[in-house]
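next come a sequence and a model predicted from it.
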Amino acid sequence: MSDDSRKRLAAQLAEAVAEALRADLARQERALLVVSGGSTPVPFFRALAAMALPWSRIDVTLADERWVPESADDSNARLVREHLLQGAAAEATLVPLTTHDPTPEQGAEAVADRLAPLAWPASVVVLGMGGDGHTASLFPDSRELDLALTTDAAAVAVRTPSQPQPRITLSADRLHQARRHVLHITGGDKRAVLARALSGDDVRELPIRAFLACPLATYWAP
Ligand SMILES: O=C(O)[C@H](O)[C@@H](O)[C@H](O)[C@H](O)COP(=O)(O)O
């Protein structure tokens, strides 16, 4: 049951994102899509990849990335290449957050230049959420959370006790630079976390709260 509802949700989200990209491409040369990693987005990526879009005019980048080579199983760039940039969608351009920078901090500094040529504000930022209320790599237990929530830099390197490796996350400021924001979550546990987030305002407790004020379309299935 939940698998079917999640596939239907992914198809609905893919339709909405495709429509947003088409609307922006009707008035600008290129459009930018920012996506999150993890397991939830996979059916959405596959559904979007099947959409008829001028993929050669679309850039895709990530809300965050683990500090791993793209060949690693948990690389978000690898996830996007394997599930979204397939078929006609392979014509899209993926702009990864990590390349061969020596440290996460230097990698985060290099992101601004790498993302600068893209069509900001993004057409859509698709966010996920963890059970601790994190989104992108804005984790409640990260030492760099305050920085990531307040800086106007494009990206921040974050080291988090709950995560096996450092990460690079777009800052809250950069994630806000979009015409549309979507939260894509599944399961009752995350729905309960979202309800808790909506009933409070401490962003450091539940960082997803940083995005509840901007119009946020929530796509949820059991
Ligand atoms: O790199 C990542 O993992 C994501 O950007 C992260 O913020 C993700 O959206 C949540 O952790 C939810 O992950 P799941 O979809 O796997 O539950």
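Looks like it arrived, so ask away.

may I have the beta-bridge partners of Leu216?
For Leu216, the beta-bridge partners under DSSP bridges are His181.

for it, what are its contacts?
His181, Val182, Leu183 (C-beta atoms under 8 Å, 6 or more residues apart in numbering). Using the backbone N, CA and C atoms, a C-beta is placed for each residue, glycine as well.

between the residues you listed, which sits nearest the ligand?
Closest approach between the contacts of Leu216 and the ligand, by C-beta to the nearest ligand atom: Leu183, at 9.5 Å.

residues touching the closest residue to the ligand within the chain, list them.
Closest residue of the chain to the ligand, C-beta to the nearest ligand atom: Gly128 (2.2 Å). By C-beta under 8 Å, 6+ apart, the contact set of Gly128 is Ser36, Gly37, Gly38, Thr40, Pro41, Thr135, Leu183, His184, Ile185.

what's the neighbour count on the second one?
For Gly37, the count of nearby residues is 23 (other C-beta atoms under 10 Å).

help me confirm that it comes into contact with Leu79.
Yes - the criterion here is C-beta atoms under 8 Å, and Gly37 meets it with Leu79 at 5.4 Å.

picking that back up, so for the residue of the chain closest to the ligand, what's the pLDDT?
Predicted confidence (pLDDT) for Gly128: 98.

measure it to Leu25 for me?
Separation of Gly128 from Leu25 (C-beta to C-beta, to the nearest Å): 25 Å.

got it, and Thr40?
Counting by C-beta to C-beta, the gap from Thr40 to Leu25 is 26 Å.

compare those two (neighbour count), which wins?
Thr40 (21 against 17).

hmm, Thr186 and the more buried one touching each other?
Yes - here Thr40 reaches Thr186: they are 5.8 Å apart, a contact under C-beta under 8 Å.

which residues of the chain lie near the ligand?
With the criterion set to C-beta under 6 Å from any ligand atom, the chain comes near the ligand through 36-40, 63-64, 76, 128-130, 134-136.

tell me the one among the residues you listed nearest to Leu194.
Closest approach between the residues of the chain next to the ligand and Leu194, by C-beta to C-beta: Met129, at 7.0 Å.

so that closest one touches Val193, yeah?
Yes - under the criterion of C-beta under 8 Å, Met129 makes contact with Val193 at 6.7 Å.

shared neighbours, the two?
With C-beta under 8 Å, 6+ apart as the test, Met129 and Val193 both reach Ile208.

looking at those two, which is more packed in?
Of the pair Met129 and Val193, Met129 is the one with more neighbours under other C-beta under 10 Å, namely 24 against 20.

which helix or which strand is home to the more buried one?
Counting by DSSP states H and E, no helix or strand carries Met129.
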